[in-house]
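1. Quick one: sequence and predicted model below, then my questions.
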Amino acid sequence: MEQDKQETQPTVTQEEKKEVQQAQQEVPAENNTLLQTNQWQFWNTQPVPKMDDPFPETSGPIDVIKKPEDIQKDPYNLPAGFEWCNLNLKNQDDLDQLYTLLVENYVEDDDNMFRFDYSREFLRWALSPPGQYEDWLAGVRVTKTKKLVGFISGIPVHMILQKKEEVIKMTEINFLCVNKKLRSKRLAPVLIKEITRRVNIKNMWQAVYTAGVLIPKPISIAQYFHRSLNPKKLIEINFSSLGKNQTMARVQKLYKLPEETTIKGLRPFNKKDAPTVAPMLNKYLEQFDLYHKFSVEDVKHYFAPVDNVIYSYVVESEDKKITDFFSFYCLPSTIINHPKHNQLRAAYSYYHFSTATPLKDLIYNALILAKKYDFDVFNALNLMENTQFLDELLFSPGDGNLHYYLYNWRLSEQFKPSQLGMVLV
Ligand SMILES: CCCCCCCCCCCCCC(=O)SCCNC(=O)CCNC(=O)[C@H](O)C(C)(C)COP(=O)(O)OP(=O)(O)OC[C@H]1O[C@@H](n2cnc3c(N)ncnc32)[C@H](O)[C@@H]1OP(=O)(O)O
């Protein structure tokens, strides 16, 4: 939800910006008491840095690698009446069950007005990348009814940290979810321990994940920014509101976009572009301290356009050379209990690179396309080089933070959002 209720371009001075950036590097003040009581019953047992640990001289793993024979062979015990399952998203019934679990129980905003509604096609796309392991989509079912009540996913990623040459093969964890009726029963730690076991079996010892909640210990804290595309609807659903002295007509005029894109040579990405796009994207990402190194197969999978899932574009020069790239993904939210609207259509800025067209122009064209595809809002995090375009393209800061985490890896520094080169869906 938009934090700034003013539907105008935020007027933030450079100094204020610096302050915000600095604050983001520190643990938020309201969590100081948690920090002192050190109350993390589960997280205190895990190989993650403590909130107040000093930064070491060098980065590296926290726990030693276990010998294969020391990795627990059997799944972790579940409470009586529940059982483990592997989800196969090619199976329509499994896909339907996962969709239903998430659409009814997954992440909501702080005011419980919106809940993510990842579509079935989106889940299939996000959870079936090249090299996926079938037991990394771990579900918990009620033994009697087989109803899916818990889930956690891992996908393989090849990470580069702090500009080192070495690729660290790890897992990206996402979609941790427990049915609302089973909350606060310590099921989440069991899901996390079980996926850890399944990842360790594949001889991988690190993970990357993001969460709205604060747990020990974020490597960085990014912030969401929102660009209105359909201001009338956003105001009607209380996502944003009219500022003082503003009229709906003025706000609509402010956010109006052209019907057609403005960059010559802009066209949808095609799988055939992957061998060119993969090295260019990796080259762009090299400037950041945390990123996933994309293979050609990854690029084909992650960026081949799919309606209502992923939209990707390249800019081609007159001599047919690809110079720039941008993409955004489609993640609607259910609008909880609204008399008129039931879904917020949100586009999220994903990966991009630019060698000829300024980034601001690329994202301006992403906005035009997102509007054309009937999205209500375009969201972006303040990571990578995104602060270059947020102000000028009329994004307003949101009220939620996104914490980035690494499992079993201690960093020698706290990352600023601008050091992050990775977007998790
Ligand atoms: C080497 C490989 C390693 C692989 C694993 C790497 C780690 C992956 C880590 C997971 C990355 C996930 C990335 C995403 O998917 S982030 C999205 C998370 N999902 C949601 O927010 C959906 C709505 N909420 C729920 O479904 C439940 O509230 C969940 C399932 C989140 C917790 O269920 P419940 O509310 O019924 O709680 P509990 O009684 O079972 O358990 C309480 C314990 O769980 C800790 N908790 C709560 N929320 C989170 C959270 N988002 N990440 C990590 N830990 C979390 C909490 O601090 C407490 O521990 P401690 O305070 O006592 O210490």
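-> Here it is on my side, so go on.
2. Which residues of the stretch 51-200 of the chain lie near the ligand?
-> Neighbours of the ligand within the stretch 51-200 of the chain, by CB under 6 Å from any ligand atom: 105-107, 171, 173-178, 183-189, 192, 195-196, 199. (Glycine included, C-beta is placed from N, CA and C.)
3. out of those residues, which are buried?
-> 105-107, 171, 173-178, 187-188, 192, 195-196, 199 (16 or more other CB atoms under 10 Å).
4. Go through those and flag which are in strands.
-> With strands taken from DSSP state E, the overlap with those comprises 171, 173, 174, 175, 176, 177, 178.
5. Near the ligand, which residues of the stretch 201-350 of the chain are found?
-> Residues of the stretch 201-350 of the chain found near the ligand (CB under 6 Å from any ligand atom) are 204, 205, 206, 207, 209, 211, 213, 215.
6. which stretches of the stretch 201-350 of the chain form helices?
-> 231-236, 248-254, 274-285, 296-303 (DSSP state H, counting those that start in this stretch).
7. Tell me which of these is the most buried.
-> helix 296-303 (a mean of 20; mean count of other CB atoms under 10 Å).
8. still on that earlier bit, would you mind putting the ones in strands among the buried ones among the residues of the stretch 51-200 of the chain next to the ligand into CSV with pLDDT alongside?
-> Below are these laid out as CSV (pLDDT from 0 to 100):
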residue, pLDDT
171, 98
173, 99
174, 98
175, 99
176, 99
177, 99
178, 99
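9. what's the most distant pair in those?
-> With CB to CB as the measure, no two of those lie farther apart than 171 and 178, at 19.6 Å.
10. ok and the residue in the stretch 251-400 of the chain nearest the ligand?
-> Taking CB to the nearest ligand atom, the ligand has its nearest neighbour within the stretch 251-400 of the chain at residue 400, 11.5 Å off.
11. my hunch is that that residue is in a strand, does that hold up?
-> Yes - applying DSSP: H, G, I helix; E, B strand; the rest coil, one finds residue 400 inside a strand.
12. what number of residues lie near it?
-> A count of neighbours around residue 400, defined by other CB atoms under 10 Å, yields 14.
13. same thing with residue 267?
-> Residues near residue 267, counting by other CB under 10 Å, number 13.
14. Verify the contact between it and residue 320 for me.
-> No - look at residue 267 against residue 320 with CB atoms under 8 Å: they stay out of range, at 10.7 Å.
15. The stretch 201-350 of the chain: strands as residue ranges?
-> For the stretch 201-350 of the chain, the strands defined by DSSP state E, counting those that start in this stretch occupy 207-211, 220-228, 266-268, 290-292, 310-316, 322-330, 333-335, 343-344, 346-354.
16. Quickly run through the sheet partners of the last one, with directions.
-> This means strand 346-354. Using DSSP bridges, strand 346-354 pairs in its sheet with strand 322-330 (antiparallel), strand 377-381 (parallel).
17. distance between that strand and the chain's centre?
-> 11 Å (CA atoms, centre = their mean, to the nearest Å).
18. which helices and strands sit right next to the helix or strand that comes right after that strand?
-> Tracing the chain past strand 346-354, the next element assigned as helix or strand by DSSP states H and E is helix 359-372. With contacts taken as 3 or more CB pairs under 8 Å, 6 or more residues apart in numbering; DSSP states H and E, helix 359-372 sits against strand 310-316, strand 322-330, strand 346-354, strand 377-381, helix 387-390.
19. ok, 7 Å please
-> Here helix 359-372 touches strand 322-330, strand 346-354, strand 377-381, helix 387-390, going by 3 or more CB pairs under 7 Å, 6 or more residues apart in numbering; DSSP states H and E.
20. Can you give the contact residues for the shortest one?
-> In other words, helix 387-390. 225, 359, 360, 363, 380, 382, 418 (CB atoms under 7 Å, 6 or more residues apart in numbering).
21. okay, those residues in JSON lines with neighbour count and pLDDT next?
-> Shown next, in JSON lines, are the contacts of helix 387-390 (neighbours: other CB atoms under 10 Å; pLDDT from 0 to 100):
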{"residue": "225", "neighbour count": "26", "pLDDT": "98"}
{"residue": "359", "neighbour count": "17", "pLDDT": "98"}
{"residue": "360", "neighbour count": "16", "pLDDT": "98"}
{"residue": "363", "neighbour count": "26", "pLDDT": "99"}
{"residue": "380", "neighbour count": "27", "pLDDT": "98"}
{"residue": "382", "neighbour count": "24", "pLDDT": "98"}
{"residue": "418", "neighbour count": "19", "pLDDT": "98"}
